[in-house]
Structures are given as structure tokens and as C-alpha cells.
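**Q** Let me see the structure of the following:
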Amino acid sequence: PKKPALTAAPGTSVHGLGRAVDLCGGAERSSTPEHRWLATHGPSYGWIRPTWAADGGSRPEPWHFEFQSKDTVSHEH
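**A** Okay, here's the model as predicted:
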């Protein structure tokens, strides 16, 4: 089987489309106050951590947040 690519094909990345960010400065680790603040308050501004990126998700990436319209953000994220 072919090994999966580490990067998205051009034009398909939510990062390239401006709808996702990978954060640092303390927010990249789930256990930090910075990350907890973002997880709690981010949805109010449209920023969520997708289920797949959550701790226990299929590809945990605590540094990854995606923008969604505040009207569609579910507080389940």
C-alpha cells in the first residue's frame, strides 16, 4: 500500500484556504492554560478544534484549530 502523504494536495488544505491555523506559544499542548482558554472561548469567535484533532481523535493535533461561522459552531467540539 502507498504511504499517506504528510501534506494535502494543492488547493485542498484548510490551511491554504485560510480556514485553519496551527498554533504555538503554549496553545499547542492540551494541558496549558492557553489551550484551555482557546478550547473554552474559541467557539465564541468561530474557532473550534475538530473532533479528529481532539485528544483521543483519529489524528490528535492539539495545535490545530479551524474557523467556522459562529452561526454553525456547535459547543460539542
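**Q** Tell me the secondary structure at H41.
**A** The three-state label given to H41 by DSSP: H, G, I helix; E, B strand; the rest coil is helix.
**Q** swap in E66?
**A** strand.
**Q** Next, count neighbours for the residue nearest to T32 when sequence neighbours are not counted.
**A** Among residues not flanking T32 along the chain, G26 sits closest, at 4.6 Å (Cβ to Cβ, 6 or more residues apart in numbering). Glycine gets a C-beta too; all of them are placed from N, C-alpha and C. Look at G26: counted by other Cβ atoms under 10 Å, it has 13 neighbours.
**Q** wait, doesn't G26 sit right on W37?
**A** No: G26 sits out of contact with W37 when judged by Cβ atoms under 8 Å, with a separation of 9.6 Å.
**Q** Might you report the residue contacts of the residue lying closest to V14 once chain neighbours are set aside?
**A** Of all residues beyond its chain neighbours, the one nearest V14 is A20 (3.9 Å), with distances taken as Cβ to Cβ, 6+ apart. By Cβ atoms under 8 Å, 6 or more residues apart in numbering, the contact list for A20 reads S13, V14, H64, F65, E66, F67.
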